[in-house]
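> Predicted model follows, preceded by the sequence.
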Amino acid sequence: MTVITEWRQKEVIAELSGKLLAGTDDACAFAAEQARGLAPERTGKLRQSIAHTVSVEGNTITGKMGVRKGKGFAYWGRFHEFGTSKMPAHPFLRPAVFNHAAEILRRICGR
């Protein structure tokens, strides 16, 4: 049995935040890798354009995974994901997350 003799709130929150940040980064990296495996490959540029980021603003940790924006990246990834009026959707980002939700949550929790 552990007895807490002193509550060090700042240290506890800092430790938990660090673990949560690392878990979120691991989960986003895992989802990005799954998306790369599902992405259509013609030139390989779309797969190379899939990335993830993790940011902290105040008390919020946000993880994002998707196709990078900007010059030199595969801007057409959204057309594959959602389709167009002339092309059916071939999603690769959403299945990477929704089909692996349990594993992503496990990684965020650090288990």
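Ah, there it is.

> Any buried residues in the helix or strand hosting Thr24, and which?
Using DSSP states H and E, the element containing Thr24 is helix 9-38. Buried positions in helix 9-38, judged by neighbour count with 16 or more other C-beta atoms under 10 Å: 21, 23-32, 34-36, 38. C-beta: built from backbone N, CA, C; applies to glycine.

> The residue sitting nearest the centre point of the chain: what's it in contact with?
Central residue check for the chain by C-alpha atoms, centre = their mean: the C-alpha nearest the mean position is that of Cys28, 2.5 Å away. When contacts are counted by C-beta atoms under 8 Å, 6 or more residues apart in numbering, Cys28 touches His52, Thr53, Val54, Gly63, Lys64, Met65.

> gap between the closest residue to Ala31 other than its chain neighbours and Asn59?
Counting by C-beta to C-beta, 6 or more residues apart in numbering, Met65 is the residue found nearest to Ala31 once chain neighbours are left out, at 4.7 Å. From Met65 over to Asn59 the distance is 22 Å, taken as C-beta to C-beta, to the nearest Å.

> The two: which is more packed in?
Met65 (22 against 7; other C-beta atoms under 10 Å).

> Confirm that that one sits in a strand.
Yes - assessed by DSSP: H, G, I helix; E, B strand; the rest coil, Met65 belongs to a strand.

> Was I right to think it contacts Val54?
No - the pair Met65 and Val54 fails to qualify as a contact (C-beta atoms under 8 Å) at a distance of 9.8 Å.

> low-scoring pLDDT stretches of the chain, where are they?
1-5, 7 (pLDDT under 70).

> Can you tell me which of the buried residues of helix 9-38 is closest to Arg78?
Set against Arg78, the nearest of the buried residues of helix 9-38 by C-beta to C-beta is Ala35 (12.9 Å).

> what's near enough to touch that closest one?
Residues in contact with Ala35 (C-beta under 8 Å, 6+ apart) are Ile50, Met65, Phe92, Leu93, Ala96.

> Next one: the closest residue to it other than its chain neighbours relative to Ile50, how far apart?
Leaving aside its sequence neighbours, Ala35 sits nearest to Ala96 (C-beta to C-beta, 6+ apart; 3.8 Å). Using C-beta to C-beta, we find Ala96 at a distance of 9 Å from Ile50.
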